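Q: structure, please.
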Amino acid sequence: MPSVLPVRVSKRWQVDARIPAEIEEALKNYRPMLRQMLFNRGVVNAEQAEKFLNKSGSLHDPFLLTDMDSAVERLSWAAQHGETIIVYGDYDVDGITATVLMVQILEAIGAKARAYIPNRFDEGYGLTNEALEKLASEGAQLVLTVDCGIRSPREAERARELGIDLVISDHHEPRTEIPLAQAVICPKRPGDGYPEKNLAGVGLAYKIVEGLLARSGTEHIAAEEWLDLVAVGTVADVVPLTGENRSMVKAGLRRLRLGKRQGILSLANAADLALQNTNARDIGYVIGPRLNAAGRLDSAMDALSLLMSTEVAKTGLLAQKLDDQNRHRQDLTQKLFEEAQVGLVEKDEHLLFSTHSDEDRRKMGIVGLVASRLADTYYRPAVVAAQGEEFTRASCRSIPEFHITKALDECADLMERHGGHAMAAGFTIRNDRLPELKTRLKEIAGRELAGLDLRPMLHADMEIPLGMLRPDVLQDIDALEPSGLGNPGALFVSRGLRVDQYYRVGKDGSHLRLKFKDGGITFDAIAFRMGYWADQMPQRIDLLYSFEQNFYQGRSSLQLNIKDLKPADQKDEPG
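A: Just a heads-up that it's a prediction; the model follows:
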């Protein structure tokens, strides 16, 4: 059997620089630890701190987006004249939440609207000519895309031939050619003046909603009531939680905790999640994966129906189905991940590429998850592909040092279609062209990554003794929420700790429970996927961790969530 890459990729630690005296003075109204954490996130004066800590909801005028006027005018005309508006979304959480948001708002202003979500297995990603032809045969005159379409100039041309007016809203990176449509709303298109370039698809849909409500004169409809969907879709799509994204997610989480959307309430109950305490992490690890499970294994329509419905019995059944599908998805992902590792033979390989037969079509739904696991485990860009009789469909996940979509753009001549972000992308290619693509992508990765220290970097806010971690510190940590990409949660380093107790936990013993004492205080800790340390625990260790409140079976406790540990005073050796 071929060798497998070593799983335990060492990590580099970097403790952020001490806050300068002049900035500490500017932030003097805040506690010392919070001052340091604000500075680490780019906050350098009282005005910025006030905005970061207290601002929530929408921040910018939607009409700063190119073509917003045209989009609002066309949608409003359709609403006033009884045209059915087709909201064409994607089958992931971002696309589903954006679709629900647009359909419900359009109906609220008196429009006729219905959702169209393509099937991952039968239709593939994004806007397709086949779907447009089907919609045209059913009498569609206006199609609004959410979370897709910016890389579909041929499909836009086909829409014109079919007599369909097309309004595109998409947050992905455009190609050089912008589709010719009734309106194209994308903050990343050249020349667009909107200040927030990293909106998720659902965030961009929310800006259209704001524009529609501003022009429709419907003061009785509050767009803020849909910010829970914006929070779910934005966090699940792993866009930066900075600027307007963070502000809208903050407001959306408050709405989410009220439990007023029956579908999410039922899903939380099925997952044993206390919705009143939900944070961005819960969206990313509990709510998002269950909504995604439908489209990964079958059809996204169950997730769409769950979010659209207000019937307790219906949402309860759908939520349980999604929870069951998510468990099955986890098992399939683990199995394919183990298969993918077998083919990885070079430790110094700059890009990992794993191809699998799609005789079980569900593999197409989980290749992105497997690619993500590979990228996280080995800290390399990873491509995982499912190969059919004629075409191969693949998902890509990357690391900050390598823009995967730009790499695919260099190989655009080989592929049928591709698109994505800096850190995630996908493509479809004919099987006979796959070997050349694999060779070219590895050459590009070698060119871009050669000579770099390819180990993940963990950034800590400060180095402190454990004894400083009092319950009131959680208030400062909570002030950083919602945290995520671009706005990380607080991390600390403590050194030279003696472990009082440690033991494996989890059904396969893959996790580690620990206890420490400092200043007469006992600290409980959890280290996920670090069970192997039980066989080689040093006498003293250095920790990099978060400090958090853990909710389990209705009880709350404080714990350290260990991100990495090392023997005390171990040097950070080059990779």
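Q: find the centremost residue of the protein, please.
A: Centroid-nearest residue in the chain: Val238, 2.2 Å away (criterion: Cα atoms, centre = their mean).
Q: three-state assignment of that residue?
A: Secondary structure state of Val238, per DSSP: H, G, I helix; E, B strand; the rest coil, is coil.
Q: can you say which helix or strand has Ile562 in it?
A: Remark: Ile562 resides in strand 555-567, with elements defined by DSSP states H and E.
Q: over to Gly163?
A: Gly163 belongs to no helix or strand, assigned by DSSP H and E.
Q: ok, it touching Ala140?
A: No - look at Gly163 against Ala140 with Cβ atoms under 8 Å: they stay out of range, at 9.1 Å. To be clear about C-beta, it is placed using only N, CA and C from the backbone, and glycine gets the same treatment.
Q: those two: which is more packed in?
A: Ala140 (23 against 9; other Cβ atoms under 10 Å).
Q: quickly list what the nearest residue to the more buried one once chain neighbours are set aside is bridged to.
A: Counting by Cβ to Cβ, 6 or more residues apart in numbering, Ile86 is the residue found nearest to Ala140 once chain neighbours are left out, at 5.1 Å. Going by DSSP bridges, Ile86 is paired in beta bridges with Arg114, Val143.
Q: residues in contact with Ile86?
A: Contacts for Ile86 (Cβ atoms under 8 Å, 6 or more residues apart in numbering) come out as 113-116, 135, 140, 142-144.
Q: now swap in Gly126 and tell me
A: Going by Cβ under 8 Å, 6+ apart, Gly126 touches 90, 118, 148-149, 151-152, 155, 417, 419.
Q: quick one: which of those is most hemmed in?
A: Ranked by the number of neighbours (other Cβ under 10 Å), the contacts of Gly126 place Gly149 first, at 29 neighbours.
Q: which of the contacts of Ile86 are buried?
A: For those, a burial check counting by 16 or more other Cβ atoms under 10 Å picks out 113, 115-116, 135, 140, 142-144.
Q: reformat those residues as JSON lines; add distance to Tyr545 and pLDDT.
A: Shown next, in JSON lines, are the buried ones among the contacts of Ile86 (distance: Cβ to Cβ, whole Å; pLDDT from 0 to 100):
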{"residue": "Ala113", "distance to Tyr545": "47", "pLDDT": "97"}
{"residue": "Ala115", "distance to Tyr545": "43", "pLDDT": "98"}
{"residue": "Tyr116", "distance to Tyr545": "46", "pLDDT": "97"}
{"residue": "Leu135", "distance to Tyr545": "52", "pLDDT": "97"}
{"residue": "Ala140", "distance to Tyr545": "53", "pLDDT": "95"}
{"residue": "Leu142", "distance to Tyr545": "52", "pLDDT": "98"}
{"residue": "Val143", "distance to Tyr545": "49", "pLDDT": "98"}
{"residue": "Leu144", "distance to Tyr545": "45", "pLDDT": "98"}
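Q: make CSV out of these and add distance to Ala271.
A: CSV is the format used below for the buried ones among the contacts of Ile86 (distance: Cβ to Cβ, whole Å):
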residue, distance to Ala271
Ala113, 30
Ala115, 24
Tyr116, 28
Leu135, 35
Ala140, 36
Leu142, 37
Val143, 34
Leu144, 31
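Q: ok, those residues vs Met468, which is closest?
A: Ala115 (51.0 Å; Cβ to Cβ).
Q: you'd agree the closest one is up against Ala303?
A: No - Ala115 is beyond contact range of Ala303, at 11.2 Å (criterion: Cβ under 8 Å).
Q: please report how far the nearest residue to Thr218 once chain neighbours are set aside lies from Gly201.
A: Excluding its sequence neighbours, the residue lying closest to Thr218 (Cβ to Cβ, 6+ apart) is Ile109, at 5.4 Å. Per Cβ to Cβ, to the nearest Å, Ile109 is found 21 Å from Gly201.
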